[in-house]
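Engineer: could you look at this predicted model? Sequence included:
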Amino acid sequence: MTTTTLTALDVVQDAPVIPVIVLNDTTHAVALAKALAAGGIRMLEVTLRSPVALDCIRAIAAEVPEAVVGAGTVRSAADAQAAVAAGARFLVSPGYTSELGQACQTLQVPLLPGVATASEIMQATADGYSVLKFFPALQSGGVPMLKAWFGPFGDVKFCPTGGVSPDNAGQFLALPNVACVGGSWLVPAEALAKQDWAAITALAQAASRLERAV
Ligand SMILES: O=C(O)C(=O)C[C@H](O)[C@H](O)COP(=O)(O)O
């Protein structure tokens, strides 16, 4: 897939789970991306939460062609520009502003905007975004909320993130308006610190085998 053809739907349909990754050590980035891709998880959300996040995105983009690196925790147009300049091929935001939506359209980069209310869904869809991150999913109503949204927003696909785990992922993925889920459990801090790439590949394999309705 090239940057120009990747769509938000491509991002959410590639695998049942998008890993939410926090990296504090640039030297871990390439090995981690390879470990996840080896387990069938190619769409990787590297959060802009650490000072080295952009360097990690740059390294994965340059050295792991089997993965598609994106940036998470994108909060502003400036974040979006910096992430794309580093090589991010999709962006994920915890919330939504029209300024961010406009910036991503100018950058021609797919965005999964974060929403937690009907009004936010209406704002994002009015701006042309129909593949949305539901964040924080569990805390904002979880599965019952998604069922309620399916009525008025049946054309919208969601990636619930926040509080999703192997224990409840199946309940989210069984819904007709859930394309995939996001979660941090594929990259446990302990496994990362120990550079236990085999453990991370095993978690990715299990995640890529989760059944989904969409
Ligand atoms: O930083 C962001 O922009 C985020 O997307 C926050 C993440 O969605 C949550 O940190 C997911 O966390 P878990 O509940 O541990 O899976």
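Structural biologist: Structure's in. What do you need? This is a predicted model, so every value here is computed, not measured. Numbering: from 1, shown residues only.

Engineer: contacting residues for the residue lying closest to residue 181 once chain neighbours are set aside?
Structural biologist: Using Cβ to Cβ, 6 or more residues apart in numbering and skipping residues adjacent in sequence, the residue nearest residue 181 is residue 164, 4.6 Å away. The way it works is simple: take the backbone N, C-alpha and C, and place the C-beta from them, glycine included. Residues counted as contacts of residue 164 (Cβ atoms under 8 Å, 6 or more residues apart in numbering) are 137, 138, 172, 181, 182, 183, 185.

Engineer: now residue 48
Structural biologist: Residue 48 sits next to 54, 71, 72, 73, 74, 75, 79, 82, 83 when contact means Cβ under 8 Å, 6+ apart.

Engineer: narrow those residues to those that are buried.
Structural biologist: 54, 71, 72, 73, 74, 79, 82, 83 (16 or more other Cβ atoms under 10 Å).

Engineer: how about the first one, secondary structure?
Structural biologist: Reduced to three states with DSSP: H, G, I helix; E, B strand; the rest coil, the structure at residue 54 is helix.

Engineer: residues in contact with it?
Structural biologist: Taking Cβ under 8 Å, 6+ apart, we find residue 54 in contact with 48, 82, 83, 86.

Engineer: on that earlier part again, out of the contacts of residue 48, which are close to the ligand?
Structural biologist: 72, 73 (Cβ under 6 Å from any ligand atom).
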